[in-house]
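Engineer: I would like to see how this sequence folds:
(one chain, ligands or ions: 1)
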Amino acid sequence: MSDSYDVIVIGSGAGGGTLANAVARAGKRVLLLERGKKSPEVSLPHDERAMLIDKQPYDDRPIDVNDTDARLYMGGVLGGSTSLYGAALMRPSDDDFHPGQHYADRLEKSIHDWPIGYDDLATYYDRAEQLYHVSGQTSDNFGPLNHPSQQYPHQPIPLKPINERLVNGNESAGLKPFVLPLGIDFNICLQCDACPGYICPNGARISAGQVVEKAAAETGSIEVWTNVEVQKLERQGESITGVRVLDRESGDQQVVTAKRYVLSAGAIGSPAILLKSGCDHPLIGRNYMMHLSPIVVGLYLKRTGAESTFVKQIGFADHYFGTDDYPHKLGLVQSLPVPGPLMIGKSAPQWLPKRAIETLRKRMLPLAGIVEDLPNPENRVSVKEDGQIALSHRYSDYDFERGKVLTHLMVDILKRGGAAHCLTKSFPSTEHVAHQCGTLRFGTDRQHAVADKNGRLFDHPEVFVADGSLFPTSLGVGPALTIMANALRIADTVIDEI
Ligand SMILES: Cc1cc2nc3c(=O)[nH]c(=O)nc-3n(C[C@H](O)[C@H](O)[C@H](O)COP(=O)(O)OP(=O)(O)OC[C@H]3O[C@@H](n4cnc5c(N)ncnc54)[C@H](O)[C@@H]3O)c2cc1C
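Structural biologist: The predicted structure is shown next:
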């Protein structure tokens, strides 16, 4: 059978969209299959109910999470989660690629080192930062984290007064806050308070969907099918012969073929496709991770301004590898926007009158921590007999312990920045799976990994993985930039082969 395309990419998020762009720019014919619709079809900018309560732009499948059905906060439109993300695009530290240096006793030996190191990705980080229009301050001190050897492609906006206070208060105590590198075009950004979680009303926050559409327009080499669900990979023995696609509107199914296939349906979606295809590598779906993200909300006596403007500007890596008293890896601390009234109502421990919520919103400044939750094979994605995706996940005591320590440090940070009181939460909710990763880990041999160092499945050499599923460990920073950089690296292998 002649192949209609050089490459079929499944999923258009940070991994798939970025890779599709690179492969098309190299002159190869790409078919991109995306389960969600094009975002403008569902876009209701700044409508908190539509976006975050009804979850219109999020994946509409009920997932069985620890035996209860839930709609998860994972991107379900063109661009995947990058259509909704915070765009904090941080490079990790060198040590993030050698987790054995920090958890030797807690991790199996085979994942003490990732199959690639930071140096293998350095130039791809540069390219990803260009592609996603990252603004940052190269002169900032990022502590153990890497930053570009040259300049960030774009300049950040000046700090908002409440963040200046946060920076000054903490610098006086010897900390080194930095301006958070963000994939946002501040020439057109509206600097609104509704950023992560919402579709950006004017495309200032660059998504993988935009990257794909630009590459499609400039090369004519990408065909994008939206609102189609990949049901499974067609197989003849171990050989993959095509992709079975369901048109979600008409209900029609067809099989499409290519020389190579790239799986990037996210760390929940990708293993589910392989399991539905009857692939039986024992690690498929195992070791699901998503970070433990403690939230601390500073309450101020005066207005912070965060209820009406963009405040996601600051990062702290001072406690990345712990403190003198607690020398354990704790990860990054970064600004968060103030939640909308409905989300405050949803997450508050008791009912709050509308006026109280509005008053609270005006006096808040939140921070989030990014604790690297460790892999556990029992935390996993599986597929039930009726085809429903199931997720089993529990944090370990060690994850919670580090989350608790980081929470105390975040309280100190906010108090130094002027907060009179702080509210704490150990993680947002079980529906928040933003940083999902780890379910098709890459490594050096089949016994310990599903894919090789180039993302190719050991059992099915025509298939590559290019999303967060590949991560053997979850890093102490947000995953998006590393997924993008790694997708560009994997794209080079795919291009060479074709
Ligand atoms: C609200 C929010 C805020 C975030 N903020 C940040 C941040 O500030 N910094 C950061 O680093 N990370 C952030 N993230 C995480 C980041 O967006 C993800 O890590 C990243 O997008 C994951 O990339 P991916 O390619 O693995 O999956 P995704 O980007 O989720 O893409 C997967 C795509 O596959 C599609 N798909 C799934 N199943 C199928 C199927 N069967 N057939 C066809 N298509 C399918 C999905 O619809 C989706 O479009 C955030 C995420 C969210 C949701």
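
Engineer: contacts and neighbour counts: CA atoms only from here.
Structural biologist: OK.

Engineer: just checking, residue 219 touches residue 25?
Structural biologist: Yes - using Cα atoms under 8 Å, residue 219 and residue 25 qualify as a contacting pair, with a distance of 6.3 Å.

Engineer: Name the residues of stretch 423-430 that are buried.
Structural biologist: Within stretch 423-430, the residues that qualify as buried by neighbour count (16 or more other Cα atoms under 10 Å) are 424-427.

Engineer: Sorry, wrong one. I was asking about stretch 359-370.
Structural biologist: By neighbour count on 16+ other Cα under 10 Å, the buried set for stretch 359-370 is 360-370.

Engineer: Check stretch 103-120 too.
Structural biologist: By 16+ other Cα under 10 Å, the buried positions in stretch 103-120 come out as 107, 110-116, 118.

Engineer: Stretch 480-497 too?
Structural biologist: Neighbour-count burial for stretch 480-497 [16+ other Cα under 10 Å]: 480-491, 494-495.

Engineer: In PDB, list the C-alpha atoms belonging to that stretch.
Structural biologist: Output in PDB follows, covering the C-alpha atoms of stretch 480-497 (Å, rounded to 0.1, in the frame of the first residue of the first chain):
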ATOM      1  CA  ALA A 480       6.100  22.400  28.500                       C
ATOM      2  CA  LEU A 481       9.400  23.800  27.300                       C
ATOM      3  CA  THR A 482      11.200  20.500  27.700                       C
ATOM      4  CA  ILE A 483       8.400  18.700  25.800                       C
ATOM      5  CA  MET A 484       8.700  21.200  23.000                       C
ATOM      6  CA  ALA A 485      12.500  21.000  22.800                       C
ATOM      7  CA  ASN A 486      12.500  17.200  22.900                       C
ATOM      8  CA  ALA A 487       9.900  17.100  20.200                       C
ATOM      9  CA  LEU A 488      12.200  19.300  18.000                       C
ATOM     10  CA  ARG A 489      15.000  16.800  18.700                       C
ATOM     11  CA  ILE A 490      12.900  13.800  17.900                       C
ATOM     12  CA  ALA A 491      11.700  15.600  14.700                       C
ATOM     13  CA  ASP A 492      15.300  15.500  13.500                       C
ATOM     14  CA  THR A 493      15.400  11.700  13.700                       C
ATOM     15  CA  VAL A 494      12.000  11.400  12.000                       C
ATOM     16  CA  ILE A 495      13.100  13.800   9.200                       C
ATOM     17  CA  ASP A 496      16.400  11.900   8.700                       C
ATOM     18  CA  GLU A 497      14.600   8.600   8.300                       C
END
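
Engineer: That one near the ligand anywhere?
Structural biologist: Yes - Stretch 480-497 reaches the ligand (Cα under 6 Å from any ligand atom) through 480-481.

Engineer: can you check stretch 73-91 too?
Structural biologist: Yes - under the criterion of Cα under 6 Å from any ligand atom, the ligand is reached by stretch 73-91 at 73-82, 84-89.

Engineer: Can you name the element that comes right after the worst-scoring helix or strand of the chain on mean pLDDT?
Structural biologist: Here the helix or strand of the chain ranked lowest by mean pLDDT, DSSP states H and E is helix 341-347, holding a mean of 90. Per DSSP states H and E, the first helix or strand lying C-terminal to helix 341-347 is helix 354-362.

Engineer: I'd like the distance from that following helix to the chain centre, please.
Structural biologist: Put simply, helix 354-362 sits 30 Å off its chain's centre (Cα atoms, centre = their mean, to the nearest Å).

Engineer: Can I get the helix or strand just after that helix in PDB, CA atoms only?
Structural biologist: Downstream of helix 354-362, the first helix or strand assigned by DSSP H and E is strand 364-370. C-alpha atoms of strand 364-370 as PDB (Å, rounded to 0.1, in the frame of the first residue of the first chain):
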ATOM      1  CA  MET A 364      -5.000  38.100  47.000                       C
ATOM      2  CA  LEU A 365      -1.600  37.100  45.500                       C
ATOM      3  CA  PRO A 366      -1.100  33.400  45.000                       C
ATOM      4  CA  LEU A 367       2.000  31.300  44.500                       C
ATOM      5  CA  ALA A 368       2.300  27.700  43.300                       C
ATOM      6  CA  GLY A 369       5.100  25.200  44.000                       C
ATOM      7  CA  ILE A 370       6.300  22.500  41.600                       C
END
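
Engineer: Contacts made by strand 364-370 with the rest, please.
Structural biologist: Here strand 364-370 makes contact (Cα atoms under 8 Å, 6 or more residues apart in numbering) with 291-300, 303-304, 306-307, 330-338, 403, 406-407, 410, 476-478.

Engineer: Also stretch 297-314?
Structural biologist: By Cα under 8 Å, 6+ apart, stretch 297-314 touches 159-160, 162-163, 177-180, 191-195, 334-338, 360-367, 411, 414-415, 418-424.

Engineer: Can it be said to contact the ligand?
Structural biologist: No - if you take Cα under 6 Å from any ligand atom as the test, stretch 297-314 misses the ligand, and the best it gets is 9.3 Å.
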